[in-house]
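[1] I need the structure of the sequence given here:
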Amino acid sequence: MRKIEKFIGFIIIFVVLILSKFYFRDLTLFFRLMIGTGIGYSLARAYTGFAGSVNRAYRTGSTKLMRTMLFMFFITAVINAGLFLETGATNYNIWIKPINMGLIAGGFLFGFGMSLSVCCASGVLTDLPSGFPRAFVTLIFFGIGVFFGFPIQRTASWVSNSWFTTAVGEKTMGGVFLPDLFKGDGLHGYLGAILLIAALGAIISYFSYLYEKKQIRNNKFVGHPIEKEQEEKESFDISTFKLFSSETYKEFFVKPWTLKQGAVAITILFTLLMGVTKAGWGASQPYGIWFGKLLMFFGISSEAIANFTHMPAGLFELPFFEHQISVQNFGIITGAIIYLLTAGKFTNAFKAGLNMRGKEAAIYALGGITMGFGTRLANGCNVGALYTPISNLSLSGWFFLIAMIVGGIISNKFSDRVFN
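    The predicted model follows:
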């Protein structure tokens, strides 16, 4: 069975890398598929995700994933600062999001739903092959939440107007572009911005260390099994290297990446995405569009949907594989499947994730709809309102992060009451 899985995995790699290029009408769509596949593979192989940053800390006492996420935010921001300093920030579609009640409420709702469903906007895609019922229920209701959040996002001033704004922020969505606050630092504000991001990341990392030490001291620290496996990863002995051997195959295709290896891989992919498309990583808007397409399948017109959502009818009429972010999201699913297949883990992972009770389905539905609705209030999800804005040197991402953590903590406490 594992040999068949591996063979299928490499067939999919061939289709994605070679054949799919001839299917898409332009290279941008093919590039989006490649980036999405890389992201999905990296998330799956490093067993990482934004949801785990809160859930692992609450359930196991480990804050290693949280600190890794902060490390990834920082190195990506440094790279982006270099790009902006070289060519000018306004030459990119930077996501300087507004800071307002919508951002805080949306971040809280997203964190609440993220912890209930044990996945995020991108994690729900990577979880489809390994936790299908949970991920599928979450995805359906995520789309419903996004869809019914569209009209509020498009019309409510408390979602679109920012409490604070700066010069570059006014040219985007109205938020705070950190370099605008440090114009006298000798590097057009970028040095000050990076130092502030480093300081904010260090502060959160410090408190996460204190929390982890407290859990250890109170005998509540159990650690996460995947993190233990990653930490025990054996180094590759080059002296015994044989190209065609099971050890070599295991090293290159099976062994989990460490959290930092996954973070570096995602940073590289994000940088490529910024460099080629001039925009960051988003994931959640297509879920609402997909739900709109589902309504069209049952006879509701695109004009009626557009009138309700205040979104262009053309978005719902556009074929799936001609919508750039939809293609990228499809690639994330594909990347996760490729890792599980080439590692010979697909069948076992899929079977292990099939069990779901009725109460769990209701919880996942609640998680999906609160996540989806929260993304519209916050103008993005864990990548669109958190990772990309912080990497684009926007202050808004830090507000979203704090609100998301608070929402995640309360969600875990809520889950304890429901299941205990």
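[2] let's see the helix or strand bottoming out on mean pLDDT in the chain as CSV, backbone CA atoms only.
    Within the chain, no helix or strand scores below helix 225-231, which has a mean of 81 by mean pLDDT, DSSP states H and E. In CSV, the C-alpha atoms belonging to helix 225-231 read as follows (Å, rounded to 0.1, in the frame of the first residue of the first chain):
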residue,chain,number,x,y,z
PRO,A,225,4.2,14.5,20.6
ILE,A,226,5.0,15.9,17.1
GLU,A,227,7.3,18.5,18.6
LYS,A,228,9.1,15.8,20.5
GLU,A,229,9.5,13.8,17.3
GLN,A,230,10.8,16.9,15.5
GLU,A,231,13.3,17.6,18.3
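[3] residues in contact with it: which ones?
    Contacts with helix 225-231, where a contact means C-beta atoms under 8 Å, 6 or more residues apart in numbering, come from 46-47, 56, 62, 64-65, 256-259. Heads up, the C-betas are built off the backbone N, CA and C, glycines and all.
[4] pLDDT score for residue 355?
    At residue 355, the pLDDT value in this model is 87.
[5] likewise residue 185?
    89.
[6] tell me the contacts of it?
    191-192.
[7] and it, how close does it get to residue 81?
    12 Å (C-beta to C-beta, to the nearest Å).
[8] just residue 200 next, same as before
    For residue 200, the distance to residue 81 - C-beta to C-beta - is 15 Å.
[9] out of the two, which sits in the more crowded spot?
    residue 81 (24 against 19; other C-beta atoms under 10 Å).
[10] enumerate the positions of the helix or strand where that one lies that are buried.
    Secondary structure from DSSP states H and E places residue 81 in helix 64-87. Residues of helix 64-87 classed as buried by neighbour count (16 or more other C-beta atoms under 10 Å): 64-81, 83-84.
[11] residues contacting stretch 169-179, please?
    Contacts of stretch 169-179 (C-beta under 8 Å, 6+ apart): 81, 84, 89-90, 94-99, 160-162, 164-168, 180, 188-190, 192-193, 196-197, 379, 389, 393-396.
[12] one more: stretch 341-348?
    Against stretch 341-348 from outside (C-beta under 8 Å, 6+ apart): 1-3, 5-6, 8-10, 12-13, 45, 129, 253-254, 337, 339-340.
[13] hmm, try it at 10 Å
    Under the criterion C-beta atoms under 10 Å, 6 or more residues apart in numbering, residues 1-13, 41, 44-45, 129-130, 249-250, 252-256, 336-340, 349, 352 lie in contact with stretch 341-348.
[14] now stretch 319-328
    Contacts for stretch 319-328 (C-beta under 10 Å, 6+ apart): 20, 23-26, 28-37, 39-40, 122, 125, 273, 277, 279, 281-287, 289-290, 293, 315-316, 318, 329-330, 384.
[15] now swap in stretch 213-223 and tell me
    Counting by C-beta under 10 Å, 6+ apart, residues outside stretch 213-223 touching it are 56-64, 211-212, 231.
[16] swap in 6 Å and give it another go.
    60-62 (C-beta atoms under 6 Å, 6 or more residues apart in numbering).
[17] in that stretch, which residues are buried?
    215, 223.
[18] and for stretch 21-30?
    In stretch 21-30, counting by 16+ other C-beta under 10 Å, buried: 24, 29-30.
[19] out of those, which are inside helices?
    29-30 (DSSP state H).
[20] buried ones among the contacts of stretch 169-179?
    Of those, these count as buried by 16+ other C-beta under 10 Å: 81, 84, 89, 94-99, 160, 162, 165-166, 168, 180, 188-190, 192-193, 196-197, 379, 389, 393-396.
[21] among the contacts of stretch 213-223, which one lies nearest to residue 117?
    Nearest to residue 117 among the contacts of stretch 213-223, counting by C-beta to C-beta, is residue 60 at 18.0 Å.
[22] mind checking pLDDT for the closest one?
    pLDDT, residue 60: 92.
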